[in-house]
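Trainee: The following block contains a protein sequence and its predicted model.
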Amino acid sequence: MRSFCGLMAIFSLAALSAPAQTTAIPHLQRQGAATQLIVDGKPFLMLAGELRNSNSTSPDYMKPIWPRMAAMHVNTVLSAVQWELIEPQEGKFDFSLVDSQIRDAQTHNLRLIFLWFGSWKNGVSSYVPAWVKTNQAKYPRVQDKTGRGSEILSTLSAANRDADARAFAALMRHIKEVDVRRRVVMMQVENEVGLGGDSRDRCEAANKAFEAPVPKELLDYLGANKDRLYPQLRKAWEAAGSKTSGTWAQVFGEGEYTDEIFMAWNYASYVGKVAAAGKAEYPLPMFVNNACSMPSPGRPAPRGGGRPQPEVGNIWKFAAPAIDIRGPDLYTPNLPVWVNWYQESFVPENPLFIPETDGNTGTYHAFYVFGQHDGMGFSPFAIDEYAIARPGVKSVDAADLPLARSYGILTQLAPVILENQGKGKMAGVVAGAGETPQKIPLGNYVLQVSYPGRGRQAATAAAAPPPVFAGVSLEATEPAERSGALFISMGPDEYLVAGSGPLEVRFSPNTPGDPIVGILSIEEGAYADGRWVPGRRLNGDENGGGTDLRLGGDSSRNGLIQRIKLYRYH
Ligand code: DGJ
């Protein structure tokens with residue numbers, strides 16, 4: 001008997017090789033102040049998750065994972081493509097793992113973002129093919145001051161760059177050929193690039209480049225964009241005399257920051273050329289991810305080494321125009337602080353996509369990212385491990401995970417969020433137990449948002465001031481109990497409120513007129529195909545006797561999506 005799986009494979013192969021589709025290639029498009037990803041001709045909100053990176057190397061291992069992703073309301077899976085596996089011999093490609101992922105994504109109605117683990121993964125060249133690893137003379141590595149090599153390909157090598165770009169171009173050509181259903185919506189080029197351990201590469205080619213003049217085109221660009229330079233960059237350049245020519249040290253001064261600028265130029269130029277070679281074959285949106293925040297309290301954030309961080313954002317922006325987005329990997333509990341800094345400093349505009357984050361805090365951070373920053377996508381790391389049994393951890397129903405519940409709500413709201421992006425009609429918040437209520441002006445009212453009751457509060461940060469990185473205060477303590485919400489102004493006196501709960505919201509006027517705000521009605525409900533489906537009306541005990549809106553929480557047992565209508569009196 002031909003097995004069901006066999007039939008599925010034939011069916012899926014047919015789907016993969018069906019005649020070319022007419023839907024537009026996924027692309028980025030502005031809507032007001034926001035940038036949206038357009039998939040199948042429509043804006044698409046990425047409720048994403050990144051797989052633990054090695055799992056995509058085995059289709060069998062992945063089998064139970066795909067349905068789990070769909071059950072968690074994940075609509076986009078970030079999954080690795082390793083250079084060594086697609087080009088085991090120079091010029092000979094094997095795309096079977098790519099094909100099986102596209103096929104499985106199609107079967108489970110998921111979109112994919114492929115992570116190109118080319119020259120660097122976590123800054124290290126662990127996934128380059130053996131024929132690259134074993135030919136150091138042709139494919140040179142970063143060296144330290146003593147001339148000792150490392151497991152990191154040097155950016156200062158055209159051979160390294162061109163070999164990587166050829167493989168990436170072949171990958172993009174292949175995706176274009178086989179992915180007629182547009183499952184693949186974006187590409188990450190390399191992974192968390194940047195040098196650790198030393199401030200710059202000291203191989204012979206790097207030393208020579210460091211002593212050579214700064215490329216004129218870079219200095220011309222900096223000169224033409226003086227007012228848009230990151231303050232530290234502008235200061236360094238001006239302090240050294242605003243020179244229009246000279247070596248790196250002459251133009252930016254001696255020191256580690258100059259090494260960082262130099263490395264940023266070299267990483268960005270290299271990655272930009274790899275991305276451009278891929279786009280020439282198939283122009284999907286492309287991004288880089290940046291090891292941004294500290295993963296746990298007390299651990300310093302990775303810095304310098306040319307990473308796509310705001311202090312060298314201008315360099316990345318200019319040297320790698322084929323990169324559309326620089327995405328912060330943010331594992332920190334104080335994600336909002338980091339997002340604000342990252343977005344405000346990354347000049348010019350940098351659409352917000354978070355390629356990696358923590359899936360527990362993601363339960364509430366997701367609402368903040370989409371509500372406050374017109375986020376294009378949000379992607380907790382190791383998403384495939386949240387619902388599986390392993391030693392010491394019981395298997396749970398994927399749909400019942402807190403993150404899955406948040407994604408379920410966001411799935412319902414996606415059409416409304418997309419409709420309102422870029423129009424200044426949305427806000428997002430994260431509120432913690434014991435924290436001062438936050439005041440959010442939105443439309444005709446100010447929303448005062450607080451975490452109800454006492455809850456578990458943050459271990460006191462007062463004893464030692466938190467460390468500061470580039471002006472950003474980093475939390476050094478365990479986080480408080482928190483929840484997140486987003487607010488959409490649906491009319492002059494009406495709001496949609498949704499979140500992870502529990503939260504309380506009070507309203508006060510933001511415009512002249514009667515000073516007292518009353519609640520006309522609160523409904524909990526759901527969205528189906530972008531249409532509001534009301535459930536219970538909560539005009540009694542559940543709204544504190546007409547004073548506030550209460551989202552979730554054991555005491556109120558209110559729903560997590562509510563619509564409130566207000567009025568004013570004196
Ligand atoms: C960040 C990297 O980008 C991921 O590929 C993965 O290695 C995680 N760290 C592991 O925590």
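Mentor: Thanks, I have the structure now. Residues are numbered from 1 along each chain as shown.

Trainee: For the ligand, what's its nearest residue on the stretch 51-200 of the chain.
Mentor: Per C-beta to the nearest ligand atom, Glu192 is where the stretch 51-200 of the chain lies closest to the ligand, at 4.4 Å. Every residue, glycine included, has its C-beta placed from N, CA and C.

Trainee: Tell me the spatial nearest neighbour of that residue, not counting adjacent residues.
Mentor: Counting by C-beta to C-beta, 6 or more residues apart in numbering, Glu192 lies nearest to Ala291, which is 4.4 Å off, once chain neighbours are set aside.

Trainee: wait, isn't that neighbour in contact with Asn191?
Mentor: No: applying C-beta atoms under 8 Å as the test, Ala291 and Asn191 come out as separate, 9.2 Å apart.

Trainee: Quick check: neighbours shared by these two?
Mentor: Listed contacts common to Ala291 and Asn191 are Asn122; contacts here mean C-beta atoms under 8 Å, 6 or more residues apart in numbering.

Trainee: residues of stretch 424-444 that come out buried?
Mentor: The neighbour-count check on stretch 424-444 (16 or more other C-beta atoms under 10 Å) flags 425-433, 435, 440, 442-444 as buried.

Trainee: next one: stretch 491-498
Mentor: Asp493, Glu494, Tyr495, Leu496, Val497, Ala498.

Trainee: Against the ligand, how distant is the fourth one?
Mentor: Shown here: Leu496 relative to the ligand, a distance of 34 Å by C-beta to the nearest ligand atom, to the nearest Å.

Trainee: pretty sure that residue is in a strand, no?
Mentor: Yes: per DSSP: H, G, I helix; E, B strand; the rest coil, Leu496 lies within a strand segment.

Trainee: OK, contacts around it?
Mentor: Leu413, Val416, Phe487, Ile488, Met490, Ile561, Gln562, Arg563.

Trainee: And the helix or strand hosting the third one, what's buried?
Mentor: So the one you mean is Phe487. Using DSSP states H and E, Phe487 sits within strand 482-491. For strand 482-491, the neighbour count (16+ other C-beta under 10 Å) marks Arg482, Ser483, Gly484, Ala485, Leu486, Phe487, Ile488, Ser489, Met490 as buried.

Trainee: Columns pLDDT on top of those, output as a markdown table?
Mentor: Compiled in a markdown table, the buried residues of strand 482-491 are given as follows (pLDDT from 0 to 100):
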| residue | pLDDT |
| --- | --- |
| Arg482 | 92 |
| Ser483 | 94 |
| Gly484 | 97 |
| Ala485 | 98 |
| Leu486 | 98 |
| Phe487 | 98 |
| Ile488 | 98 |
| Ser489 | 98 |
| Met490 | 98 |
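
Trainee: Contact residues of this structure facing the ligand?
Mentor: Asn53, Asn122, Asn191, Glu192, Asp329, Glu356, Phe381 (C-beta under 6 Å from any ligand atom).

Trainee: What are the boundaries of the helices in the stretch 401-550 of the chain?
Mentor: Counting by DSSP state H, counting those that start in this stretch, the stretch 401-550 of the chain has helices at residues 402-420.

Trainee: Now for the protein: which strand has the highest residue count?
Mentor: strand 516-528 (DSSP state E).

Trainee: Who are the packing partners of that strand?
Mentor: Helices and strands touching strand 516-528, by 3 or more C-beta pairs under 8 Å, 6 or more residues apart in numbering; DSSP states H and E, are helix 402-420, strand 503-509, strand 531-537, strand 561-569.

Trainee: How is the protein divided into domains?
Mentor: When the chain is parsed with automatic domain parsing, its domains come out as 35-199+261-412, 429-569.

Trainee: most neighbours per residue, which of the ones you listed?
Mentor: Stretch with highest mean neighbour count among the domains of the chain: domain 35-199+261-412 (a mean of 20; mean count of other C-beta atoms under 10 Å).

Trainee: May I have the distance across that one, first residue to last?
Mentor: End-to-end span of domain 35-199+261-412 (C-alpha to C-alpha, to the nearest Å): 21 Å.

Trainee: And for stretch 436-450?
Mentor: Stretch 436-450 has an end-to-end distance of 7 Å (C-alpha to C-alpha).

Trainee: Residues in contact with that stretch: which ones?
Mentor: Contacts for stretch 436-450 (C-beta under 8 Å, 6+ apart): 425-427, 429, 431, 435, 485, 487, 489, 492-493, 495, 503-511, 517, 566.

Trainee: give the contact list for Gly197.
Mentor: The neighbourhood of Gly197, defined by C-beta under 8 Å, 6+ apart, consists of Asp144, Ser150.

Trainee: my read is it is in a helix, agree?
Mentor: No: according to three-state DSSP, Gly197 belongs to no helix; its state is coil.

Trainee: So for it, what pLDDT did the model give?
Mentor: Predicted confidence (pLDDT) for Gly197: 86.

Trainee: Phi first, then psi, for it.
Mentor: Note on Gly197: its backbone torsions stand at phi 90, psi -30 [degrees, to the nearest 10].

Trainee: what's the distance between it and Glu204?
Mentor: Distance of Gly197 to Glu204, computed by C-beta to C-beta, to the nearest Å: 19 Å.

Trainee: who's in contact with the residue of the stretch 401-550 of the chain found nearest the ligand?
Mentor: Per C-beta to the nearest ligand atom, Leu403 is where the stretch 401-550 of the chain lies closest to the ligand, at 16.7 Å. Contacts for Leu403 (C-beta under 8 Å, 6+ apart) come out as Met72, Gly359, Asn360, Gly362, Thr363, Ala366, Pro380, Tyr386.

Trainee: wait, isn't the fifth one in contact with Gly499?
Mentor: Read it as Thr363. No: Thr363 is beyond contact range of Gly499, at 9.8 Å (criterion: C-beta under 8 Å).

Trainee: which helices and strands does the helix or strand harbouring Asn314 pack with?
Mentor: Element membership of Asn314 [criterion: DSSP H and E] is helix 313-319. The contact analysis (3+ C-beta pairs under 8 Å, 6+ apart) places helix 313-319 against helix 216-224, helix 256-281.

Trainee: picking that back up, identify, from the contacts of Leu403, the entry nearest to Lys226.
Mentor: Using C-beta to C-beta, Ala366 comes nearest to Lys226 of these, at 37.3 Å.

Trainee: my read is the closest one is in a helix, agree?
Mentor: Yes: under three-state DSSP, Ala366 falls within a helix.

Trainee: pLDDT below threshold where in the stretch 251-400 of the chain?
Mentor: Scanning the stretch 251-400 of the chain for pLDDT under 70 picks out 293-301, 346-348, 387-395.

Trainee: quick one, strands of it?
Mentor: Using DSSP state E, counting those that start in this stretch, the strands assigned to the stretch 251-400 of the chain run over residues 286-291, 325-329, 353-357, 377-380.

Trainee: okay if I get these as JSON lines plus distance to Ala33?
Mentor: Compiled in JSON lines, the strands of the stretch 251-400 of the chain are given as follows (distance: least, C-beta to C-beta, whole Å):
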{"stretch": "strand 286-291", "distance to Ala33": "19"}
{"stretch": "strand 325-329", "distance to Ala33": "15"}
{"stretch": "strand 353-357", "distance to Ala33": "16"}
{"stretch": "strand 377-380", "distance to Ala33": "17"}
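
Trainee: of all these, which lies closest to Phe117?
Mentor: With C-beta to C-beta as the criterion, Phe117 lies closest to strand 286-291 of the strands of the stretch 251-400 of the chain, at 11.6 Å.

Trainee: Dig out what the residue nearest to Lys425 when sequence neighbours are not counted forms beta bridges with.
Mentor: The spatial neighbour of Lys425 that comes closest, neighbours along the chain excluded (C-beta to C-beta, 6+ apart), is Ser489 at 4.5 Å. Judged by DSSP bridges, the bridge partners of Ser489 are Tyr495.

Trainee: pretty sure Ser489 is touching Lys423, no?
Mentor: No: contact criterion C-beta under 8 Å: Ser489 and Lys423 do not qualify, at 9.1 Å.

Trainee: what mean pLDDT does stretch 451-463 have?
Mentor: What stretch 451-463 shows for mean pLDDT is 60.

Trainee: and what of stretch 106-118?
Mentor: Taken as a whole, stretch 106-118 has a mean pLDDT of 98.
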